[in-house]
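Student: Give the three-dimensional model of this entry:
(4 chains)
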There are 4 protein chains.
Amino acid sequence: MTNSKNNLSKQQREEINALRNSSNKTIRPVAKGIEKILYKVFPALDHGFVRVVDYMGDDQAIVQAARVSYGKGTSRVSEDRGLIRYLMRHRHSTPFEMCEIKLHVKLPMFIARQWIRHRTASINEYSARYSVLDKEFYIPEAKDLAVQSKLNKQGRGNTLSPKDSEEALFLLKRDAEKSYETYEYLLNENLQGDIVDKNRDGLSRELARINLTLNTYTQWYWKTNLHNLMNFIFLRADSHAQYEIRVYADIIYKIMESWVPITAEAFKSYRSGSVELSAEAMNVIKLMVNGKKVDQKKSGLSNREWNELINHLK
Amino acid sequence: MTNSKNNLSKQQREEINALRNSSNKTIRPVAKGIEKILYKVFPALDHGFVRVVDYMGDDQAIVQAARVSYGKGTSRVSEDRGLIRYLMRHRHSTPFEMCEIKLHVKLPMFIARQWIRHRTASINEYSARYSVLDKEFYIPEAKDLAVQSKLNKQGRGNTLSPKDSEEALFLLKRDAEKSYETYEYLLNENLQGDIVDKNRDGLSRELARINLTLNTYTQWYWKTNLHNLMNFIFLRADSHAQYEIRVYADIIYKIMESWVPITAEAFKSYRSGSVELSAEAMNVIKLMVNGKKVDQKKSGLSNREWNELINHLK
Amino acid sequence: MTNSKNNLSKQQREEINALRNSSNKTIRPVAKGIEKILYKVFPALDHGFVRVVDYMGDDQAIVQAARVSYGKGTSRVSEDRGLIRYLMRHRHSTPFEMCEIKLHVKLPMFIARQWIRHRTASINEYSARYSVLDKEFYIPEAKDLAVQSKLNKQGRGNTLSPKDSEEALFLLKRDAEKSYETYEYLLNENLQGDIVDKNRDGLSRELARINLTLNTYTQWYWKTNLHNLMNFIFLRADSHAQYEIRVYADIIYKIMESWVPITAEAFKSYRSGSVELSAEAMNVIKLMVNGKKVDQKKSGLSNREWNELINHLK
Amino acid sequence: MTNSKNNLSKQQREEINALRNSSNKTIRPVAKGIEKILYKVFPALDHGFVRVVDYMGDDQAIVQAARVSYGKGTSRVSEDRGLIRYLMRHRHSTPFEMCEIKLHVKLPMFIARQWIRHRTASINEYSARYSVLDKEFYIPEAKDLAVQSKLNKQGRGNTLSPKDSEEALFLLKRDAEKSYETYEYLLNENLQGDIVDKNRDGLSRELARINLTLNTYTQWYWKTNLHNLMNFIFLRADSHAQYEIRVYADIIYKIMESWVPITAEAFKSYRSGSVELSAEAMNVIKLMVNGKKVDQKKSGLSNREWNELINHLK
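Tutor: The predicted structure is shown next:
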């Protein structure tokens, strides 16, 4: 049904191109950077993608809301930047809620299960009760297959040996394909929903799909405001997040940069690049700045926290 | 500071006109009806208003999300209408969450306190800790002054006698003005924030404002999705809601009609115009439809519910 | 690891019994009905369950909050009942938010994906990034295997023929077991996390689990308030919901009955047993009650809505 | 109607005592510290208070949810403490959502308007549409009357001179009393709701109350989970928050300490006592720790940020 790596059929490409070639007049504010990428497909993993489907507001909308103003607010970019940085630094989050974005995302189900934990968003997902899922499942690249981490109990450590990696990929593919094959067999219908083998009943879609593996792709429309988008990026682009969702979070950060560049810069300074130090760690810093020697024992920090602090100071 | 009933200074009018006279190109969907009213002031009560400041999506965005489609979806309006009505009837609310609207509202504080009970919205309110509030308070029209209702324990009954009404208006005005006068005196500052009477200290804004009466106007940016907007209208345009918030809800319904006309029509059929009948009331209806005579006693309904049912059948 | 149908190991049973045999003093309100079932396992499907782990409030807490009272409120049950029914009928939902419940649920992942769409709840799920999932997957009973419904495009129709049903069960079991076997092989670790086959690397848990089928069981703590619990029951005990989640919703309704019996009764009258009639359908009812003959054509209703109405009148 | 500073009538005191003298058996977990203060009145400002009305869970419930366990979990307090501190440090917030608290709060309306900005809570407020408000308004103590701050544009600076302070208090009292007097006059009813002066109509409650000043007291039941409670304390016990809401936040923190002492301790280390340093500030710290001299110019920080950093190092 689809003829390319990122799962767009010819018809889908044509639909997207038609939208990109349209041009409408509006008196709403327009964010030029994001208009350039609207509707486009940003590939993620082997079959997934992220597309911006719509947006509302721009950097200036944040300023305008913070000031509850009647018009566009000040035209001096420097003042707007100062205000946005102030809002970000002091966690005044409501003005950032004034911008909204709607994404179309294709993603494996095990990632969808992590993603949906972000509750303050609106979602419409492709229904496998109503429709038949495509034969698409995520198979990692060899470089991303790794052993359980010894340090981070929920993460990955070293890459698998080439031999073990090859075998793992073989097994993942085999089982996903086998499960999908059974799914198709149980459904016993063609694309139009007609029974293929008239001598047996097809199983309902809501039941047949339970046979699919967790790496099967699904897709959804996901809409959230800029404040919650930043929370998503903060948590999911983090090194503790599973690699596969990080791929999506990184794409979304790039989208954010093209949409609200001033906010993205402030986000880098005060959120994604910032460091939170505990009361105890801050005491250690004070001693160090005053030229005192401190080691883990004297610091009063646990081993783990001490190592985290030393890492921040590198 | 303002020179008109609806509290727009010359500068504010100019800012609004500048926005209305702008024209931007976008490849996003545009909802033609709402573009015509964007930024305009819809007066409410004596000094309040509602203005649409931005929006995202239209009727078609609902269809598109319900189908998780790549393009604009079907171009046949009749199919879209059928789908929207189906979604509304069966309370499939998530596709309606895909549209978003941002309003600028000026409203008395006692209404703001009711309004904010709708939690799934984003708000930026004019800060009376940071800025000085204008001398504007809601004084009802004589026709809206009424006694406590005997039937609805939280509503209004008959209109006050002309004499009592005149007196009430006199008192409301007098106290609001007196309180504002004290507020100004305590602040002891001019518009630029300079002390007016150098021989005494001005009180901080966050404290001086506690002297104001609850009918003082405030304003905010309020952003919500279409699903929650309909909940707001459903509850606040209802006859049990306080008259003053109904005025706002009615305006917002008109705005909704210009924005998403097909959804507004479905809302009228299945939400605002619908009737919910209890299991017990439905049993009475069945008897009646079959030509049986039923009275309150036989019905098993309480007096109150019986009356509600009879009302619905009128 | 577990030795019974409902997946409780001996140790788990002992832990549950220990809790049930404890007795603490509290001056909080206690809901006697739910104390009797606290911690107990209510089996669901083949390996799932629902357990109440904690609760807060009872019928009286709703009354107390509605009245913002200092003490327990009235001791006359009849008044409390009247108030609760009034609140339910008029959709005054905030007092129902004053009761809270915490459940421990074991459920297949494809159901977890539907369940989590209820956003106003708190969830802690067993982490398959951190821990190894048990070998448990949902296999339907033959009676629940059905073809795609012709009427309800997302539901089930008639039961499969015995032969087809037998084959389907065979395939579902085979693939789930095969996938789990590969999962175990890829992990290459025993319960203590040690490598089993030293000659090859084990794959990290967060990756190995992507090979599992969607009927694999997971479990979580799910905490929500009574208002949202009723929304859950309303939507998920509905005939349009997938059978497997209905099983859980029905159990939860029983739990609700033992917890807040007056509220449960009102819920039955005004929510789960109520009928919502559109403005147009209500017009038809009025004609019928007045002895007029109406058919679908004259009614102005679509075929679908007409049938729904006739069904309600049966 | 009330005979004490904190607005408890004899009847209310008796109701509270009756609850405190009750004793119920439960097999739910009981948090001993908070049982000791349950229902008690913690006075706030001149007429306000905070009372714990109910709670669910304790420190151990957090551990239990994080582990999705069947029983009480480990009995070793040291392990539980380590896990709670880990969850707090790494902002794993969902286990903290598993504890819930319900407060009864009496507070001035201008504080209620700030408080309600915390959206993820359930509220039932005393209705001034339905009932008559008591004659109680917040009058600050002289020590809390201050001029507008020069540094913090939304806060307070130095205390007013004794003369100006005396005058301000006189005016605040005078206007609040006058407004309340008018309110009573317009209502024209006694406590039972009967008209007092038969020669004139009483104004409905929902309208008469608009004449009251913003320092009038209201009260509500407020229920939230521990995660959101900590957000409330973090933001509202902060030095940038208005003094009057800080009074409430400080009381609530004390309540939290008696309820979940281990979590409260971790909150102090990693939230309320922690410092967040921007990417740029962290670079300055690194230089300083390595013995380099840095001044504002070299730092690349704005004046404001530089001063904030130096303050943290004191």
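Student: neighbours around residue A:55, how many?
Tutor: 25 (other C-beta atoms under 10 Å in any protein chain shown). Any C-beta I mention is one placed from the backbone N, CA and C, and that applies to glycine too.
Student: swap in residue A:45?
Tutor: 23.
Student: Next up, the contacts around it.
Tutor: Neighbouring residues of residue A:45 by C-beta atoms under 8 Å, 6 or more residues apart in numbering or on different chains: A:107, A:108, A:138, A:244, A:247.
Student: Now, those residues that are in strands?
Tutor: A:107, A:108 (DSSP state E).
Student: Among the contacts of residue A:45, filter down to the buried ones and hand me the ChimeraX syntax, if you would.
Tutor: Buried subset of the contacts of residue A:45, written as a ChimeraX selection, criterion 16 or more other C-beta atoms under 10 Å in any protein chain shown:
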select /A:107,108,138,244,247
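Student: Check the contacts of residue A:45 against residue B:49 and report the nearest one.
Tutor: For the contacts of residue A:45, the minimum distance to residue B:49 (C-beta to C-beta) is 43.2 Å, reached by residue A:107.
Student: Output the contacting helices and strands for the longest helix along chain A.
Tutor: Ranked by residue count, the top helix of chain A under DSSP state H comes out as helix A:162-187. When contacts are defined as 3 or more C-beta pairs under 8 Å, 6 or more residues apart in numbering or on different chains; DSSP states H and E, helix A:162-187 sits against helix A:205-208, helix C:162-187.
Student: May I see the ones you listed organised as CSV, with mean neighbour count and mean pLDDT added?
Tutor: Converted to CSV, the helices and strands packed on helix A:162-187 look like this (neighbours: other C-beta atoms under 10 Å in any protein chain shown; pLDDT from 0 to 100):
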stretch, mean neighbour count, mean pLDDT
helix A:205-208, 25, 96
helix C:162-187, 18, 98
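Student: so what's whichever residue of the stretch 201-314 of chain A sits closest to chain B bridging to?
Tutor: At 4.6 Å from chain B, residue A:221 is the closest residue in the stretch 201-314 of chain A, using C-beta to the nearest C-beta. Beta-bridge pairing of residue A:221 under DSSP bridges involves residue A:104, residue A:124.
Student: For it, list the residues it contacts.
Tutor: A:53, A:102, A:103, A:104, A:105, A:122, A:123, A:124, B:64, B:65, B:68, B:98 are the contacts of residue A:221 under C-beta under 8 Å, 6+ apart.
Student: Let me see the ranges of the strands in the stretch 201-314 of chain A.
Tutor: Along the stretch 201-314 of chain A, the segments classed as strands by DSSP state E, counting those that start in this stretch run A:217-225, A:275-277.
Student: Indicate which one of the ones you listed is closest to residue B:168.
Tutor: So among those, strand A:217-225 is nearest, using C-beta to C-beta, at 43.1 Å.
Student: pLDDT averaged over that closest one - what is it?
Tutor: Mean pLDDT, strand A:217-225: 97.
Student: what angle separates it from strand B:217-225?
Tutor: 170 degrees (axes from the mean of the first three to the mean of the last three C-alpha atoms, to 10 degrees).
Student: How about the secondary structure of the residue located most distally from the centre of chain A?
Tutor: The centre of chain A is farthest from one residue, residue A:199, which by C-alpha atoms, centre = their mean lies 44.9 Å away. Secondary structure state of residue A:199, per DSSP: H, G, I helix; E, B strand; the rest coil, is coil.
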